[in-house]
Every structure is written in structure tokens, then in C-alpha cells.
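Trainee: Structure of the sequence below:
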Amino acid sequence: MGAPVPRLAQKLIAMLLIATRKLWTGAIGTFYALLAVTAGAQALQPLAAGTGDALPAPWRVVGLPGNKVPLAQIDRVELDGHRVLRLRSDKSYGTASHALPPNTPATTLQWKWRVDTAVAQADLRTKRGDDAAVKVCAMFDLPLDKLGFVDRNLMRLARRTSGEYLPAATVCYVWDQGLPAGTVLHNAYTGRVRFMVLNSADTPLGQWATHSRDLAADFVRLFGAEAETVPPLLAIVVGADTDNTHGNSLAYVDALALVKQ
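Mentor: Take a look at the predicted model:
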């Protein structure tokens with residue numbers, strides 16, 4: 001009998017939206033129809049679409065497996081005259097996850113975000129401090145044969161244990177008060193997730209910051225040593241967590257879009 005999968009797999013499983021299971025089952029036709037891309041349109045459903053506080057489909061709110069950590073509150077509220085995504089975390093963890101159609105290319109991801117309450121004790125360099133008031137992540141379908149022996153077998157174990165097609169490469173953009181903007185580092189639990197700090201303490205709390213990222217270029221920067229070409233996207237995920245530091249945070253995300261370069 002194999003050893004139980006530790007928090008490494010828990011974080012990986014939670015970050016890969018459970019919704020992506022539909023990409024790899026007999027429901028693929030129905031799922032693809034729901035995400036069909038019209039000419040010139042984006043595959044990513046706008047967060048402001050529809051009415052009500054709940055996120056528009058196919059966005060889903062996902063927590064850690066087994067509900068071992070409370071689910072962060074992720075919903076929509078009126079702010080600055082229109083609906084935006086709100087992420088409130090209190091010793092909790094949660095992601096808003098959006099699976100993408102097969103072979104979605106890594107183009108440009110645009111959004112704006114603001115942090116009103118930062119995670120005071122966050123330190124992305126350590127497992128104890130692995131929390132963020134807000135993160136925006138792009139998950140890539142990197143073939144496992146591109147990975148080293150240890151990572152390849154950890155990924156196979158995590159996929160088998162979770163029943164999910166977990167991504168082998170994830171780029172996460174984070175707002176972090178402790179590290180300077182421009183910092184690049186591996187997630188403290190796994191090198192399969194890599195961070196890029198875009199805003200830090202020099203950005204005032206409660207103030208919007210706008211970003212436009214070339215996903216292909218950022219993949220090459222963070223994972224280029226493992227792949228000759230940029231793999232397609234699996235999903236876009238927005239998250240917040242304060243489960244390790246036992247703190248609280250409040251952040252907002254608006255105008256999230258995948259656009260052609």
C-alpha cells in the first residue's frame with residue numbers, strides 16, 4: 001500500500017479545479033459546447049457576466065479536498081458601479097476555477113486587482129507562510145515526460161489519488177506584501193507551481209492595480225528549461241488562502257480576460 005499523499009497533493013488538487021474532470025470524461029462534447037469560442041471571442045467567461053452573487057458558469061468555487069480547511073468566501077459584489085469578484089479568507093482556502101476548451105493557446109491574460117486586507121504573516125518562501133490575499137494562476141498541460149523522475153512520479157501519484165487530471169505546470173501571479181515586485185520563486189510545497197510577485201507593499205492597499213501578462217513568455221521564463229514549446233492552457237484560477245498563517249484577507253478581482261496577442 002502506498003504512503004498517503006501529503007499536503008503537496010492537497011494543494012495541487014485544490015488548485016486544479018475539479019471542473020476540469022469533464023475535459024477527460026465522456027462529457028467532453030457537452031463541456032466543449034458550453035465553452036465554444038466564437039470568432040474573435042475569448043474562451044474565458046467574464047466574471048461580471050449574469051446576475052446575482054454567485055459566479056457565472058463554468059466558473060466554480062473549489063476548496064481543499066475533504067473540507068479539512070474552511071472554504072474561503074468567494075462571490076461577487078457591487079464595487080465601483082459594477083460586479084467584481086470578492087475573495088474573503090479567514091483561516092481558510094478557496095479558488096474560483098475555470099476550465100478551458102482543449103488546446104487553448106497561451107495568449108495574453110489581463111485583469112485588475114486590489115487588496116484591502118493583506119495577509120500579515122505571509123511568506124511564500126516557506127510552507128508556514130504559503131498564503132496570499134489574491135493570486136491569479138494559469139495552468140498548463142505540460143506533458144509528464146518533460147519532468148524529472150521524481151516530479152513525474154509525484155504527479156502520477158497525485159493524479160491517481162485525486163482522480164483529477166492535475167496540471168504539471170502552473171504559473172501563479174500573486175500580490176505579496178513581503179517580497180518585492182518582480183520576485184520569481186517556486187511554491188514551497190511543489191516546483192510544479194511557480195510564483196511571480198506583481199504587487200507588493202509599495203502598492204497602497206485599497207487601490208486597483210492593472211496587469212497584462214504574456215502567458216507564453218512567462219511560461220518560458222519559469223518553465224522553459226523543461227519544454228521546447230509552450231503547452232496549451234488547461235484552466236485559469238483565482239484564489240486566496242490564509243490557512244497556513246491563520247490570518248484573514250480581503251481582495252477583489254475585475255476585468256479578467258484572455259485576449260489574442
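
Trainee: any chance you could map the helices in the stretch 151-261 of the chain?
Mentor: Along the stretch 151-261 of the chain, counting by DSSP state H, counting those that start in this stretch, helices occupy 215-223.

Trainee: mind checking the SS state of residue 114?
Mentor: For residue 114, the assignment made with DSSP: H, G, I helix; E, B strand; the rest coil gives strand.

Trainee: Do a quick rundown of the strands in this structure.
Mentor: Taking DSSP state E, the strands of the chain run over residues 60-62, 73-79, 82-90, 93-104, 108-117, 132-140, 169-175, 184-186, 193-199, 209-214, 233-241, 248-259.

Trainee: Can you say which of the ones you listed is nearest to residue 44?
Mentor: For these, proximity to residue 44 was assessed by CB to CB; strand 248-259 is nearest, at 4.5 Å. All C-beta spots, glycine's among them, are computed from the backbone N, C-alpha and C.

Trainee: thinking again about what came up before, please convert the strands of the chain to CSV, extending it with mean neighbour count and mean pLDDT.
Mentor: Formatted as CSV, the strands of the chain follow (neighbours: other CB atoms under 10 Å; pLDDT from 0 to 100):
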stretch, mean neighbour count, mean pLDDT
strand 60-62, 18, 92
strand 73-79, 16, 96
strand 82-90, 20, 96
strand 93-104, 22, 94
strand 108-117, 19, 98
strand 132-140, 26, 97
strand 169-175, 24, 96
strand 184-186, 14, 96
strand 193-199, 21, 97
strand 209-214, 14, 98
strand 233-241, 26, 96
strand 248-259, 20, 97
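
Trainee: For residue 162, find the nearest of the ones you listed.
Mentor: Among the strands of the chain, strand 60-62 comes nearest to residue 162, with 11.9 Å by CB to CB.

Trainee: what pairs with that closest one, and is each one parallel or antiparallel?
Mentor: Strand 60-62 has the following strand partners under DSSP bridges: strand 93-104 (antiparallel).

Trainee: circling back: distance to residue 146 added to the strands of the chain, as a markdown table?
Mentor: Formatted as a markdown table, the strands of the chain follow (distance: least, CB to CB, whole Å):
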| stretch | distance to residue 146 |
| --- | --- |
| strand 60-62 | 26 |
| strand 73-79 | 32 |
| strand 82-90 | 32 |
| strand 93-104 | 17 |
| strand 108-117 | 22 |
| strand 132-140 | 11 |
| strand 169-175 | 9 |
| strand 184-186 | 16 |
| strand 193-199 | 15 |
| strand 209-214 | 21 |
| strand 233-241 | 15 |
| strand 248-259 | 23 |
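
Trainee: out of these, nearest to residue 147?
Mentor: Residue 147 lies closest to strand 169-175 among those, at 8.9 Å (CB to CB).

Trainee: Of the strands of the chain, which is nearest residue 52?
Mentor: Among the strands of the chain, strand 73-79 comes nearest to residue 52, with 7.5 Å by CB to CB.

Trainee: Between the strands of the chain, which one is closest to residue 163.
Mentor: Of all the strands of the chain, strand 60-62 comes closest under CB to CB, at 13.9 Å.

Trainee: For residue 172, give me its contacts.
Mentor: 135, 136, 137, 138, 187, 193, 194, 195, 196 (CB atoms under 8 Å, 6 or more residues apart in numbering).
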